[in-house]
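Novice: Sequence first, then the predicted structure, then my questions.
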Amino acid sequence: MSERETINGTPVTEEQIAAWAVEAQAGYDVATLKKRGRGRPGRGAEPSQVIALRLTADEISALDARAEHEGKSRSEVIREALASA
């Protein structure tokens with residue numbers, strides 16, 4: 001296996017692949033898997049809505065720089081800016 005194969009920055013080992021194969025061969029509880037639901041987890045009691053937002057290249061660069069500096073996602077930075085407005 002290539003040294004570059006990672007999951008969240010952690011190298012995937014042959015031992016991990018073998019363990020995943022054993023788990024898959026044993027089978028999965030389909031009912032449990034279906035209970036987890038689809039999509040991303042909600043952000044609260046009410047459903048949230050996805051909106052489109054157009055930004056210039058400079059605005060995106062500034063947003064990305066702030067998000068990286070603060071260790072947050074673009075969405076987190078935007079939500080915090082809206083909350084403080």
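Specialist: Structure received.
Novice: going on from the helix or strand harbouring residue 25, what's the next piece of helix or strand?
Specialist: For residue 25, the enclosing helix or strand under DSSP states H and E is helix 14-26. Next helix or strand after helix 14-26 toward the C-terminus (DSSP H and E): helix 30-35.
Novice: Kindly export that next one (C-alpha atoms) in PDB.
Specialist: Backbone C-alpha positions of helix 30-35 (Å, rounded to 0.1, in the frame of the first residue of the first chain) are rendered in PDB as follows:
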ATOM      1  CA  VAL A  30     -28.800  -3.000   8.800                       C
ATOM      2  CA  ALA A  31     -31.500  -1.700  11.200                       C
ATOM      3  CA  THR A  32     -28.900   0.100  13.300                       C
ATOM      4  CA  LEU A  33     -27.300   1.600  10.200                       C
ATOM      5  CA  LYS A  34     -30.700   2.900   9.000                       C
ATOM      6  CA  LYS A  35     -31.400   4.500  12.400                       C
END
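Novice: re earlier: chain center to the helix holding residue 25: distance?
Specialist: How far helix 14-26 lies from its chain's middle: 24 Å, per CA atoms, centre = their mean, to the nearest Å.
Novice: Just the CA trace of that helix, in CSV.
Specialist: Output in CSV follows, covering the C-alpha atoms of helix 14-26 (Å, rounded to 0.1, in the frame of the first residue of the first chain):
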residue,chain,number,x,y,z
GLU,A,14,-2.5,-3.3,6.1
GLU,A,15,-3.7,-4.4,9.6
GLN,A,16,-6.5,-1.8,9.6
ILE,A,17,-7.6,-3.0,6.2
ALA,A,18,-7.6,-6.6,7.4
ALA,A,19,-9.7,-5.6,10.4
TRP,A,20,-12.2,-3.8,8.2
ALA,A,21,-12.5,-6.8,6.0
VAL,A,22,-13.2,-9.1,9.0
GLU,A,23,-15.8,-6.6,10.2
ALA,A,24,-17.5,-6.5,6.8
GLN,A,25,-17.4,-10.3,6.4
ALA,A,26,-19.1,-10.7,9.8
